[in-house]
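Peer 1: build me a model:
(chains A and B)
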Amino acid sequence: MRLRELLRTTSFRLSSLYGLIFALGLAGLLGLVYLRSAVYLTHRVDSIMSTEAAALSLSPASDLEARIGEAQSLTGDKTSVFALFTPSGARLVGNLPVIPPGLRPNGPPVEIAATPLFPAPARLIARRLASGEILVVGRDINQLQEMRAILASALIWSGAAIAVIGLACAVGLSIGPVRRLRVLEDACREIAGGNLTRRLPISRGADEIDTFAATVNYMMDEVERLMGEVKGSTETIAHDLRTPLTRARARLHRLQQSPTAPAADLARVTAELDTVLERFRALMRISELEARERRRGFARIDAAHVLADVFDLYQPLAEDNGVALTWSAPPDVALEADPKLLFEAVSNLVDNAIKFSGAGGSVSLRLEPGAGPPRIVVEDDGPGIPVAEKSAVLQRFYRGERDRTTPGSGLGLSIASAITRLHGFHIELEDASPGLRAVIVCGRGETLFTGSSGTRR
Amino acid sequence: MARILVIEDDPQTAAEIAACLAASGFDAEQSFDGAEGLALALRERFDAVTLDRMLPGRDGLDVVKALRDAGSDVPVLMVSALGDVDDRVTGLRAGGDDYLVKPFAPPELIARLEVMLRRHRHPPTPEVMLRAGDLKLDLVRHEAERGGRRIELLPMEFKLLEFMMRNAGQTLSRRMIFESVWEYYFDPGTNLIDVHVGRLRRKIDAAGAPPLFKTERGVGYMLDAT
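Peer 2: Reported below is the predicted structural model:
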């Protein structure tokens, strides 16, 4: 199963979308928790510092240095900063070497990194005392920063985890439906390939795919029944016609042998009936081809061999009719085909072409590999087929206007068309001005290996 | 007089076939049902059987299988509306000796019966040289000769001549020729086979007298050396 196919499935897209929405929600939640707790902790630090600063600044100036020392010994120099500076900024006492830039007396709090005198990041405020000296109070904010880092990393990691899990779930959820669709697709292909008895599998889940499959199966039951009825009635008609035809032909044969029979009339009637029989066989052949199971008897064949054999079979006929038949085919163009059927199809086209090009005409039989599928071309310079008739002549049982006056079943094109359909190929009729160019476009063909192209005349 | 059993479910068709056979010098017996036909074929001696493939009671394929299982080697001509190559193969594999697709013209049936009968009486032997009058065909060296004169033949002409010489004295229909020599089973249409036989005929009959090829009107050809 290809990844690209998986990514296009509805279930993958839906579960990815859910995953994305969930990840966004989680990020929002974590972000809110982070913001609220950071604000709360900062606020607490600030209020402690303000209280301490206020308490210290109320002390008499002479007492201050001693009070600072006392406060420092209480906190053990570990969690608090206390420092006193002259109005010009020189340190008098305390565990802060200088006033950090940006820290203004009575201004907003400032955060600094660790210093030699205080080994942790700190948040500081400054107060100008009545004496003009500057008091700096600070708190260790290591914990605050750590908590921020923990929240941030929780955000990143949980986001990543959700993304990975969500993607995995999306893929996992899509594999099942894709597998099922693949099974349905295979079944449909088999049906399209001619096996009308095949049905779509239905699981026990009875979900929407099963409902759909059941509907398709119901449809196929109907199609199969109708096809059976059509085939059955065709066979009945064929049987009903075949028996009287056979009887009539047998009776004529006996009449011809009686000495009193009008020989010329009987010969004419016999010839007429033989034409009917020939056309009848051709019709039966078309029905048979259409009912045939596809790809039975198929093999990988060299198209040039088929053309060579057709040429060998028809060259004498063409010569006797005064038609120049030529053929050309590069070797090693492989086709997936039933060689006998393909021979029959090409024979019918060549037979037609010889018949319609007439004495002095020419017929060319050639294989054109080209960029697309190989083309088997039979081109004559006869009267061609009117545009209006072009699609009709390929239909089942259709006899064109020009067939009415010529011998034979006149159903050669229909037979060729039925055979090509069976192969998944198709026939194109082109105007060769003058004449008709009948082309069997051989769908699944490909060149096996490159070789020098040979031409035989 | 050769005795033929016609197993065919449509009584009128059976009667017409029997009448045609009688007109061509056969003694024809009719049976309208597979089981009855099989019993008759096993009980009495027939020189050949024409057997419709689709029969009430017992299917034609079944009948020919039962016939072979019972040890009978009577030549059987399967007659069927099913003309696809596979149907033919099934029919022949079941034990049929030849296969004729309906609807057919009576001369076709008679020609096939006669060839079948002769092949049964004189089974083909491995030969290196075929002869018909002063015509000789060397199967080893792939050479044809008439009255001491070499005749150049194309491969297909050689195959066609071999088939006709092996069945010399027998009427061969166009379809029989197409099926045996080219091994295709569709209607060859127009006068395709006539042209091929005509070419061979000109080569052979130009090389000596009397003419060996005979046209059987409305049926096909015969190589006649008598």
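Peer 1: ok, now which ones touch residue A:198?
Peer 2: Residues near residue A:198 by CB atoms under 8 Å, 6 or more residues apart in numbering or on different chains: A:187, A:190-191, A:220. For the C-beta atoms, the positions are set from N, CA and C on the backbone; glycine is no exception.
Peer 1: just give me the neighbour total for residue 36.
Peer 2: Picked chain A for this. Using other CB atoms under 10 Å in any protein chain shown, the number of residues around residue A:36 comes to 10.
Peer 1: other chain: chain B
Peer 2: Per other CB under 10 Å, the neighbour tally for residue B:36 reads 14.
Peer 1: closest to residue A:21 out of the contacts of residue A:198?
Peer 2: Set against residue A:21, the nearest of the contacts of residue A:198 by CB to CB is residue A:187 (36.0 Å).
Peer 1: so who does the closest residue to the closest one other than its chain neighbours touch?
Peer 2: Spatial nearest neighbour of residue A:187, excluding adjacent residues (CB to CB, 6 or more residues apart in numbering or on different chains): residue A:200 at 5.0 Å. Neighbour list for residue A:200: A:184, A:187-188, A:213-214, A:216-217, A:220 [criterion: CB under 8 Å, 6+ apart].
Peer 1: buried ones among those residues?
Peer 2: With burial judged by 16 or more other CB atoms under 10 Å in any protein chain shown, the buried subset of these is A:184, A:187, A:213, A:216-217, A:220.
Peer 1: which one of these sits closest to residue A:243?
Peer 2: residue A:220 (34.3 Å).
Peer 1: pretty sure that closest one contacts residue A:191?
Peer 2: Yes - here residue A:220 reaches residue A:191: they are 6.5 Å apart, a contact under CB atoms under 8 Å.
Peer 1: among the contacts of residue A:198, name the ones in strands.
Peer 2: Members of the contacts of residue A:198 lying in strands (criterion: DSSP state E): none.
Peer 1: pLDDT for the residues you listed - can I get that in a markdown table?
Peer 2: Output for these, formatted as a markdown table (pLDDT from 0 to 100):
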| residue | pLDDT |
| --- | --- |
| A:187 | 89 |
| A:190 | 85 |
| A:191 | 84 |
| A:220 | 91 |
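Peer 1: just checking, what packs against the helix or strand containing residue A:81?
Peer 2: Residue A:81 belongs to strand A:80-85 when assigned by DSSP states H and E. Applying 3 or more CB pairs under 8 Å, 6 or more residues apart in numbering or on different chains; DSSP states H and E, we find strand A:80-85 packed against helix A:10-57, helix A:61-75, strand A:91-94, strand A:134-140.
Peer 1: now these in CSV, with mean pLDDT and distance to chain B?
Peer 2: Shown next, in CSV, are those (pLDDT from 0 to 100; distance: least, CB to the nearest CB, whole Å):
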stretch, mean pLDDT, distance to chain B
helix A:10-57, 84, 45
helix A:61-75, 76, 103
strand A:91-94, 82, 108
strand A:134-140, 87, 95
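Peer 1: point out the most buried one among those.
Peer 2: Stretch with highest mean neighbour count among the helices and strands packed on strand A:80-85: strand A:134-140 (a mean of 25; mean count of other CB atoms under 10 Å in any protein chain shown).
Peer 1: need the pLDDT of the closest residue to chain A within chain B.
Peer 2: Proximity of chain B to chain A (CB to the nearest CB) peaks at residue B:16, 3.5 Å away. Reported pLDDT at residue B:16 in the predicted model: 82.
Peer 1: how many neighbours does the residue nearest to it when sequence neighbours are not counted have?
Peer 2: Nearest non-adjacent residue to residue B:16, counting by CB to CB, 6+ apart: residue A:250, 3.5 Å away. By other CB under 10 Å, 25 other residues sit near residue A:250.
Peer 1: look at residue A:250 and give its secondary structure.
Peer 2: What DSSP: H, G, I helix; E, B strand; the rest coil gives for residue A:250 is helix.
Peer 1: that one contacts residue B:10, correct?
Peer 2: No - look at residue A:250 against residue B:10 with CB under 8 Å: they stay out of range, at 11.4 Å.
Peer 1: in space, what's closest to residue B:19 - neighbours in sequence excluded?
Peer 2: If you skip the residues right next to it in sequence, residue B:19 has residue A:254 as its closest partner in space, 5.5 Å away by CB to CB, 6+ apart.
Peer 1: go on, residue A:79?
Peer 2: Distance criterion CB to CB, 6+ apart; nearest residue to residue A:79, sequence neighbours excluded, is residue A:140 at 4.6 Å.
Peer 1: quick one: the one you found from residue A:211, how far?
Peer 2: Distance of residue A:140 to residue A:211, given as CB to CB, to the nearest Å: 67 Å.
Peer 1: show me where pLDDT drops low in chain B?
Peer 2: B:190 (pLDDT under 70).
Peer 1: what are the ranges of the strands in it?
Peer 2: With strands called from DSSP E, chain B shows them at B:3-7, B:27-31, B:48-52, B:76-80, B:98-101, B:129-132, B:135-138, B:143-146, B:149-151, B:172-173, B:213-216, B:220-223.
Peer 1: neighbouring strands of the fourth one in the sheet, and parallel or not?
Peer 2: If I follow you right, that is strand B:76-80. Using DSSP bridges, the strands paired with strand B:76-80 are strand B:48-52 (parallel), strand B:98-101 (parallel).
Peer 1: hang on, the earlier thing: wait, the residue of chain B closest to chain A sits on residue A:251?
Peer 2: Yes - counting by CB under 8 Å, residue A:251 is a contact partner of residue B:16 at 6.0 Å.
Peer 1: between these two, tell me which one has more neighbours.
Peer 2: Between residue B:16 and residue A:251, counted using other CB under 10 Å, residue B:16 has the larger neighbour count: 23 against 16.
Peer 1: tell me the centre residue of chain B?
Peer 2: The centre of chain B sits closest to residue B:112, judged by CA atoms, centre = their mean, with a distance of 2.9 Å.
Peer 1: on that earlier part again, in helices, which of the buried ones among the contacts of residue A:200 fall?
Peer 2: Among the buried ones among the contacts of residue A:200, the members falling in helices (DSSP state H) are A:184, A:187, A:213, A:216-217, A:220.
Peer 1: which two of these have the greatest separation?
Peer 2: For these, the maximum inter-member distance is 12.3 Å, found between A:184 and A:220 (CB to CB).
Peer 1: give me the contacts around stretch B:136-156.
Peer 2: Contacts to stretch B:136-156, defined as CB under 8 Å, 6+ apart, come from residues A:312, B:127-131, B:134-135, B:158, B:161-162, B:165, B:181-182, B:196, B:200, B:203-204, B:207-208.
Peer 1: what subset of those residues is buried?
Peer 2: For the contacts of stretch B:136-156, buried by 16+ other CB under 10 Å: B:130, B:134-135, B:158, B:161-162, B:165, B:181-182, B:196, B:200, B:203-204, B:207-208.
Peer 1: chain A next: which of the residues you listed are close?
Peer 2: Among the buried ones among the contacts of stretch B:136-156, the residues within reach of chain A (CB under 8 Å from any CB of the partner chain) are B:182, B:196.
Peer 1: which residues sit in contact with residue A:46?
Peer 2: The contact partners of residue A:46, by CB under 8 Å, 6+ apart, come to A:109, A:123, A:125.
Peer 1: having no further points to raise, I will conclude here.
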